[in-house]
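*Asks:* Just the structure for this:
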Amino acid sequence: MQLLDLLDKDHKVQMKVMDYFLQNGPTARVKELNQSIDVSYPTLQKALSVLYTNLRNFNNKANLVKKIAILFY
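*Replies:* The predicted structure is shown next:
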C-alpha cells in the first residue's frame, strides 16, 4: 500500500502537483499539469487553490504564483 492510497481525492491531486514540481522544476504549465495528473480542469484549479493556501499556512514566505494564464511557478 502506498501513501496516496490512504488520501482522499483532493489530497491525492495536491500530492501529485507537489510531486510534479519536485520532478520538473519550479514552473509548470497548466496544460502539462492537467495531462500529467489526469484530472478534470476544475479539480486541478481547486487543488492549486487549496495547495496555495496550505503552503502559505505552512510558511508565509512560500508561494504559488500564477505568472500568466497558463504558467505557475
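*Asks:* Tell me where the protein is predicted with low confidence.
*Replies:* By pLDDT under 70, the low-scoring segments of the chain are 1, 4, 67-73.
*Asks:* tell me the centre residue of it?
*Replies:* For the chain, the residue nearest the mean C-alpha position is Val17 (3.1 Å; CA atoms, centre = their mean).
*Asks:* My guess is that residue contacts Leu33. True?
*Replies:* Yes - assessed by CB atoms under 8 Å, Val17 is found in contact with Leu33 at 6.5 Å. Quick note: C-beta positions are derived from backbone N, CA and C, even for glycine.
*Asks:* which residues do those two both contact?
*Replies:* The contact sets of Val17 and Leu33 overlap at Leu44 (CB atoms under 8 Å, 6 or more residues apart in numbering).
*Asks:* Quickly note the distance from the closest residue to Asn63 other than its chain neighbours to Gln2.
*Replies:* Using CB to CB, 6 or more residues apart in numbering and skipping residues adjacent in sequence, the residue nearest Asn63 is Leu55, 7.0 Å away. Applying CB to CB, to the nearest Å, the value for Leu55 to Gln2 is 23 Å.
*Asks:* who has more neighbours, these two?
*Replies:* Leu55 (16 against 6; other CB atoms under 10 Å).
*Asks:* hang on, the more buried one packs against Val65?
*Replies:* No - applying CB under 8 Å, one finds Leu55 not in contact with Val65, separated by 10.8 Å.
*Asks:* distance between stretch 6-18 and the chain's centre?
*Replies:* Distance of stretch 6-18 from its chain centroid, counting by CA atoms, centre = their mean, to the nearest Å, is 8 Å.
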